[in-house]
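Trainee: I would like to see how this sequence folds:
(chains A, B, C and D)
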Protein chains: 2
Amino acid sequence: MIQYILLGFLNYQPMTGYDLKRTLDHSTGHFWHAYHSQIYTTLRQMEKDGLVASQFVMGEGQPDRRTYTITEQGRVHLTEWLSHPLTEATSIKEELLVRLFFSGQRSNESILAELTVQREIHQQKISEYRKMRVEMEEQAKNLPLPSLKRDSVFWMATLKMGTRYEEAYLEWLNETIQTIQEL
Amino acid sequence: MIQYILLGFLNYQPMTGYDLKRTLDHSTGHFWHAYHSQIYTTLRQMEKDGLVASQFVMGEGQPDRRTYTITEQGRVHLTEWLSHPLTEATSIKEELLVRLFFSGQRSNESILAELTVQREIHQQKISEYRKMRVEMEEQAKNLPLPSLKRDSVFWMATLKMGTRYEEAYLEWLNETIQTIQEL
DNA sequence: CAGTCCATGTAAGTAGTTACATGATTGC
DNA sequence: GCAATCATGTAACTACTTACATGGACTG
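Mentor: Numbers count the residues shown, from 1 in each chain, chains lettered A, B, ... in the order given. Predicted coordinates for the structure are as follows:
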């Protein structure tokens, strides 16, 4: 999957592994995450496969940079992938739910403490996403390329899903905390 | 993670790999999934580590079965894990959002077709979970062991999160479908 | 002068997926 | 006779995480 994300971003403009890592953190962080080690190794592999090409620039004063550019083959690969629709639901892996499921022997205090910490974390995420949304709406008004206007609709849509998810999570946490307090 | 799930179930009663696979599919399917290959190999590893013990029974007529039992060390391991609360949010990996994020060059029809299929899938999940909920409430009334009454509260809570998630997803899909139709 | 940011990589390990492999019983 | 269910395993691969490793520039 990370391969398609990297291709997707390189399809907008050439970037280094470092740039890609930052971009990922700031724009797809709410639905996909990757460590820099995976990004660098995947880029190397993609270059071998002819999906991207790199050029190394020795920095004078600044650090050296290896800039990756998408190839024609890379564009085809990305377009091909996008043209085959997903026909399944992505499966969820939620550690907190695993823990809660098997919490029968734990004390209410222990569980409530954990859920309360989680509530803070998810509250934090909601306000992050709200901030991101405002920034994105601001950016959408004065885009460098008007061709990105359509793209920004989809970026916004994914952010909305992130927000909805966090809101649902928070509501559930509140409900569950209350249920346990009443036990 | 799968290791703790297996321990969690074996903490209720001895089971075979096959039983565990089915139990997982039916009760934790909405927040964790595993293939039988992973379950069998993990059980073997756990036996080496002394967390479970197995006994092999040649089936006469029926297939052979290897039944796993949790050890005292296994119980300690599980309890230990549960006692250290999660202090981070589990990161999300949603393939559909990746696809949508990079869909700027796709046609509206193509995207709408994909989202419509997803809507059906998630609608399906919601009705599955509603059915599971009714069954679970039924079971909770006449539990074999009254000691499981407390556990069933937590099982129900995880199912509620599953339902909330699917409902949020569905609402978002409807909103997004509408947005794209208006483009 | 300590911490953060910029910048790139490798190595080793864990987790998860897909494919291969087998074989009996039960129900339609 | 064919499909589904019961039942257990291995092999190969892909994906992801954690740790190790380096070093200059800028900021307070």
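
Trainee: point out where chain A drops to low pLDDT.
Mentor: A:59-61 (pLDDT under 70).

Trainee: quick one: the strands in it?
Mentor: If DSSP state E is used as the criterion, the strands of chain A fall at A:15-16, A:52-57, A:65-70.

Trainee: buried stuff in the second one?
Mentor: Buried residues in strand A:52-57, counting neighbours by 16 or more other C-beta atoms under 10 Å in any protein chain shown, are found at A:52, A:53, A:54. In short, each C-beta sits where N, CA and C put it, glycine included.

Trainee: tell me the residues of chain A that contact DNA strand C?
Mentor: Counting by C-beta under 7 Å from any atom of the strand, chain A comes close to DNA strand C at A:16-19, A:22, A:36-37, A:40-41, A:43-44, A:56, A:59, A:62-67, A:91, A:93.

Trainee: out of the residues you listed, which sit inside helices?
Mentor: Those of the residues of chain A next to DNA strand C mapping onto helices are A:17, A:18, A:19, A:22, A:36, A:37, A:40, A:41, A:43, A:44, per DSSP state H.

Trainee: and the two most separated of those residues?
Mentor: Farthest apart among those by C-beta to C-beta are A:22 and A:44. That separation is 18.9 Å.

Trainee: residue A:4 contacts residue B:101, correct?
Mentor: No - using C-beta atoms under 8 Å, residue A:4 is not in contact with residue B:101, being 10.0 Å away.

Trainee: in TSV, list the ones in helices among the residues of chain A next to DNA strand C along with distance to residue A:165 and neighbour count.
Mentor: Below are those laid out as TSV (distance: C-beta to C-beta, whole Å; neighbours: other C-beta atoms under 10 Å in any protein chain shown):
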residue	distance to residue A:165	neighbour count
A:17	28	21
A:18	28	14
A:19	27	17
A:22	23	13
A:36	25	14
A:37	27	10
A:40	29	16
A:41	29	13
A:43	29	23
A:44	33	15
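
Trainee: contacts with DNA strand D among these, please.
Mentor: Among these, proximity to DNA strand D is found for residue A:37 (C-beta under 7 Å from any atom of the strand).

Trainee: so what's residue A:40 closest to, chain neighbours aside?
Mentor: residue A:17 (4.8 Å; C-beta to C-beta, 6 or more residues apart in numbering or on different chains).

Trainee: residue A:66 is in contact with that neighbour, correct?
Mentor: Yes - using C-beta under 8 Å, residue A:17 makes contact with residue A:66 at a distance of 6.8 Å.

Trainee: which parts of chain A sit against DNA strand D?
Mentor: Neighbours of DNA strand D within chain A, by C-beta under 7 Å from any atom of the strand: A:1, A:2, A:3, A:33, A:34, A:35, A:37, A:38, A:61, A:62, A:63.

Trainee: check the residues you listed and tell me the two furthest apart.
Mentor: The most widely separated members of these, counting by C-beta to C-beta, are A:1 and A:61 (36.5 Å).

Trainee: and these two? which has more neighbours close in?
Mentor: The neighbour comparison of residue A:1 against residue A:61 (other C-beta atoms under 10 Å in any protein chain shown) goes to residue A:1, with 14 against 4.

Trainee: who are the contact partners of that one?
Mentor: If you count contacts by C-beta atoms under 8 Å, 6 or more residues apart in numbering or on different chains, residue A:1 has them with A:32, B:93, B:95, B:98.

Trainee: quick check, the last one in contact with residue A:31.
Mentor: Yes - taking C-beta under 8 Å as the definition, residue B:98 is a contact partner of residue A:31 at 6.7 Å.

Trainee: hang on, isn't residue A:66 packed against residue A:54?
Mentor: Yes - contact criterion C-beta under 8 Å: residue A:66 and residue A:54 qualify, at 5.1 Å.

Trainee: tally of neighbours for residue A:93?
Mentor: Applying other C-beta under 10 Å, we find 16 other residues in the vicinity of residue A:93.

Trainee: contact partners for it?
Mentor: With contacts defined as C-beta under 8 Å, 6+ apart, the neighbours of residue A:93 are B:1, B:31, B:32, B:33, B:90, B:93.

Trainee: distance to residue B:132 for those - can I get that in CSV?
Mentor: Listed next are those as CSV, based on distance: C-beta to C-beta, whole Å:
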residue, distance to residue B:132
B:1, 22
B:31, 13
B:32, 15
B:33, 15
B:90, 22
B:93, 24
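
Trainee: give the burial count for residue A:143, as a bare number.
Mentor: By other C-beta under 10 Å, 12 other residues sit near residue A:143.

Trainee: doesn't residue A:152 make contact with it?
Mentor: Yes - in this structure, residue A:143 is within contact of residue A:152 by C-beta under 8 Å, at 6.8 Å.
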